[in-house]
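Enquirer: need coordinates for the following:
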Amino acid sequence: MTKIIEAHGLTKRFGKTQALAGIDLEVEQGTVLGVLGPNGAGKTTAVRILATLLRPDGGTATVAGHDVVHDSKAVRRTIGLTGQYASVDEDLTGVENLVMIGQLLDLSTVQAKARAKELLEEFDLTDAGRRHT
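Expert: Numbering: from 1, shown residues only. Below you'll find the predicted structure:
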C-alpha cells in the first residue's frame with residue numbers, strides 16, 4: 001500500500017518546552033487515524049505540522065508525497081482539516097480561527113484577516129469574533 005503520511009524524527013520546541021521529541025509516523029492510504037494522548041503530548045503540534053500550519057524544528061514529513069515544508073501549497077490542496085468542535089482550535093478567538101482557515105486556503109495573512117473581518121461584519125458577528133470559541 002501507499003504511505004499517505006510519513007513523518008520521521010519530527011521535533012518542535014516552544015521556548016523551553018519540547019512539544020515534539022522526534023516522533024515517527026507512517027499512515028497507509030485509506031487508513032483512518034485517531035491521535036490520542038494526554039494534554040501536552042504534542043498531538044495538536046504534530047497535526048499542525050502535517051497541515052503546514054507550523055514548521056518543524058527538525059525531522060521530515062510528507063503528506064500525499066508532498067513535503068510539508070518545501071511543498072506546503074500542494075499539501076494544502078490535498079488535505080482537509082477540521083477540529084473536534086466547530087472551530088479549528090478552541091483556544092483561539094473566532095477571528096483567529098477564520099484567519100487560520102483562510103491561510104489553509106492559501107490566503108496571505110493580510111488577505112485572511114481582511115476576509116475574516118468581512119465575513120464577521122456580513123453576518124453581524126463582529127463582537128462574537130473576539131471571543132474564544
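Enquirer: once you drop chain neighbours, what's closest to the residue positioned nearest the centre of the chain?
Expert: The residue lying closest to the centre of the chain (C-alpha atoms, centre = their mean) is residue 48, at 3.1 Å. Excluding the flanking residues, the one nearest residue 48 by C-beta to C-beta, 6 or more residues apart in numbering is residue 54, at 4.3 Å. All C-beta atoms are positioned from the backbone trio N, CA, C, and that covers glycine.
Enquirer: circling back to that earlier point, in a strand, the residue nearest to the centre of the chain, correct?
Expert: No: using DSSP: H, G, I helix; E, B strand; the rest coil, the assignment for residue 48 is helix, not a strand.
Enquirer: hmm, it is touching residue 61, no?
Expert: No: when contacts are counted by C-beta atoms under 8 Å, residue 48 is not listed as touching residue 61 (11.2 Å).
Enquirer: buried residues in the longest helix seen in the chain, which are they?
Expert: Using DSSP state H to define each element, the chain has its longest helix at helix 109-122. By 16 or more other C-beta atoms under 10 Å, the buried positions in helix 109-122 come out as 112-113, 115-116, 119-120.
Enquirer: separation between the residue nearest to the centre of the chain and residue 72?
Expert: 12 Å (C-beta to C-beta, to the nearest Å).
Enquirer: okay, and the residue nearest to residue 48 sits in which element?
Expert: Per DSSP states H and E: residue 54 is located in neither a helix nor a strand.
Enquirer: I figured it was touching residue 10, is that so?
Expert: No: the criterion here is C-beta under 8 Å, and residue 54 misses it with residue 10 at 10.3 Å.
Enquirer: is it true that residue 31 touches residue 4?
Expert: Yes: with contacts counted by C-beta under 8 Å, residue 31 reaches residue 4, the gap being 7.4 Å.
Enquirer: those two: which is more packed in?
Expert: residue 4 (18 against 11; other C-beta atoms under 10 Å).
Enquirer: so the residue lying closest to residue 72 once chain neighbours are set aside, which state does it fall into?
Expert: In space, and not counting its chain neighbours, residue 72 is closest to residue 52: 3.9 Å by C-beta to C-beta, 6+ apart. Three-state assignment for residue 52 (three-state DSSP): coil.
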